[in-house]
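the sequence and its predicted three-dimensional model are supplied below.
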Amino acid sequence: MIDDTLLQTRLGHVFNNVSLLRQALTHRSHSVLHNERLEFLGDSVLNCVVASLLFEKYNKIDEGDLSRLRANLVKQQSLYEIALRLDLAQFLRLGEGELKSGGFRRPSILADTLEALFGAIYLDAGFNAARDVICGLYMPILDTVDPATLGKDAKTLLQEFLQSKKIALPVYTVAATHGAAHSQEFEVECSIPKLDIQVFGTGGSRRAGEQAAAKMALEAALTVLAKSPASRRKSKPRTTQLKLAGIATVQTDEVVQPANDKATPSAAIVASSSNTSQPKIA
């Protein structure tokens, strides 16, 4: 039996029509009266409210950056993370097949259900009530994000950082490809000659490899430029040595599988698209 009161308390909204709440929580595998139409409505309400929040909070950001921020905040992963905070999984109404396959953990189902809840609140009490609930869930997020970087990929962040330092843009080169045609792995070199940085990223596509290399190059560049001029003068002029204990490879853009330790080339580091290890500067 669903504890309607608990979820309503977490949302900050008490339903006048509890049947709307239950419909919002119902997956199509459970009943003919499911939540997909409410999801459609809630998606529009969510986009409107988040756009309004961003417009009010960031009055010096242009339309392009506002669109980037909104897209990042309303994407499936963001909704999924909010659903986890609400522990929404325990309230889902799923069919037997979805229950057995772990549907209550599936990001798409949780994200869609959250949007359906927004639609249900809108129908139950109007736009202002839906706005209040969405604001309550999103304001803690907006208080912690950096609007300058949110939603930007590693290549974009690296490019903007180098441009701000008046350093030439990095050069990306496919160094090697491995594996069968249907499951190739790309090893991509990213070099920043002015900083003596040369890194290698690996991924299941050329883009993923470039992103992996860009991420590690940005970390290395930040480390190099953080050194004081005095400390740089004390060291002998030489190519920056970047070392990592092991090489990581990636089959997709999300799943990282560690490989056996290998010796890395001098002045080089090999990383995956999800690697978070910090390079060491010798």
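All right, it came through fine.

can you pull out the strands in the protein?
Here the chain has its strands, by DSSP state E, at 171-178, 185-192, 197-203, 242-243, 248-250, 256-258, 270-272, 280-281.

quick one: low-confidence parts of the stretch 151-282 of the chain?
For the stretch 151-282 of the chain, applying pLDDT under 70 flags the ranges 151, 228-282.

the helices in it, which residues?
Per DSSP state H, counting those that start in this stretch, the stretch 151-282 of the chain carries helices over the ranges 154-164, 206-226, 229-234.

what packs against the second one?
Meaning helix 206-226. helix 154-164, strand 171-178, strand 185-192, strand 197-203, strand 270-272, strand 280-281 (3 or more CB pairs under 8 Å, 6 or more residues apart in numbering; DSSP states H and E). Where you see a C-beta, it was placed from the backbone N, CA and C, and this is true even at glycine.

let me see the domain layout of this structure.
4-142, 154-281 (automatic domain parsing).

ok so, going back, what's the most buried one of the helices of the stretch 151-282 of the chain?
Among the helices of the stretch 151-282 of the chain, ranked by average contacts under mean count of other CB atoms under 10 Å, first place goes to helix 206-226 (a mean of 22).

take the domains of the chain and write them to a markdown table, including distance to Ala148.
Formatted as a markdown table, those follow (distance: least, CB to CB, whole Å):
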| stretch | distance to Ala148 |
| --- | --- |
| domain 4-142 | 8 |
| domain 154-281 | 9 |
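
hang on, the earlier thing: so which of the helices and strands packed on helix 206-226 is nearest Leu73?
Minimum separation from Leu73 across the helices and strands packed on helix 206-226 (CB to CB) falls at helix 154-164, 17.6 Å.

now the angle from that closest one to strand 197-203?
160 degrees (axes from the mean of the first three to the mean of the last three CA atoms, to 10 degrees).

between helix 154-164 and strand 185-192, how big is the angle?
10 degrees.

show me what helix 154-164 is packed up against.
Applying 3+ CB pairs under 8 Å, 6+ apart, one finds that helix 154-164 contacts helix 206-226.

run a quick neighbour tally on Val14.
Val14: 14 surrounding residues under other CB atoms under 10 Å.

could you find the closest non-adjacent residue to it?
Gln8 (5.1 Å; CB to CB, 6 or more residues apart in numbering).

count of neighbours near that neighbour?
Other residues within reach of Gln8, judged by other CB under 10 Å, total 15.

just the one 4 residues further on next, same as before
Using other CB under 10 Å, Gly12 has 13 neighbouring residues.

that one and Ile134 touch, don't they?
No - assessed by CB atoms under 8 Å, Gly12 is found out of contact with Ile134, at 10.1 Å.

and the helices of the stretch 151-282 of the chain: which comes nearest Thr173?
Comparing those under CB to CB, the one sitting nearest is helix 206-226, at 9.6 Å.

and the most centrally placed residue in the chain, what does it touch?
By CA atoms, centre = their mean, the chain has its centre lying nearest to Gln77, at 6.6 Å. Residues near Gln77 by CB atoms under 8 Å, 6 or more residues apart in numbering: Pro107, Ala111.

state the distance from it to Thr223.
28 Å (CB to CB, to the nearest Å).

and Glu185, by the same measure?
According to CB to CB, Glu185 stands 27 Å off from Thr223.

please apply the same query to Gly97.
To Thr223, Gly97 is 50 Å away according to CB to CB.

follow-up on the earlier one: can I get the helices of the stretch 151-282 of the chain in CSV with distance to Leu84?
Converted to CSV, the helices of the stretch 151-282 of the chain look like this (distance: least, CB to CB, whole Å):
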stretch, distance to Leu84
helix 154-164, 25
helix 206-226, 25
helix 229-234, 43
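
for these, which one sits closest to Ser101?
Here helix 206-226 is closest among the helices of the stretch 151-282 of the chain (CB to CB), at 27.7 Å.

convert the closest one to PDB, retaining C-alpha atoms only.
What follows is helix 206-226 as a C-alpha-only set of coordinates in PDB (Å, rounded to 0.1, in the frame of the first residue of the first chain):
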ATOM      1  CA  ARG A 206      36.700   9.200 -31.400                       C
ATOM      2  CA  ARG A 207      34.600  11.800 -29.600                       C
ATOM      3  CA  ALA A 208      34.800   9.900 -26.300                       C
ATOM      4  CA  GLY A 209      38.500   9.600 -26.700                       C
ATOM      5  CA  GLU A 210      38.900  13.300 -27.300                       C
ATOM      6  CA  GLN A 211      36.700  14.100 -24.300                       C
ATOM      7  CA  ALA A 212      38.800  11.800 -22.100                       C
ATOM      8  CA  ALA A 213      42.000  13.400 -23.300                       C
ATOM      9  CA  ALA A 214      40.600  16.900 -22.900                       C
ATOM     10  CA  LYS A 215      39.600  16.200 -19.300                       C
ATOM     11  CA  MET A 216      43.000  15.100 -18.300                       C
ATOM     12  CA  ALA A 217      44.700  17.900 -20.300                       C
ATOM     13  CA  LEU A 218      42.600  20.500 -18.400                       C
ATOM     14  CA  GLU A 219      43.600  18.900 -15.100                       C
ATOM     15  CA  ALA A 220      47.300  18.900 -16.100                       C
ATOM     16  CA  ALA A 221      47.100  22.500 -17.400                       C
ATOM     17  CA  LEU A 222      45.500  23.700 -14.200                       C
ATOM     18  CA  THR A 223      48.300  22.000 -12.200                       C
ATOM     19  CA  VAL A 224      51.100  23.500 -14.400                       C
ATOM     20  CA  LEU A 225      49.700  27.000 -14.300                       C
ATOM     21  CA  ALA A 226      49.100  26.800 -10.600                       C
END
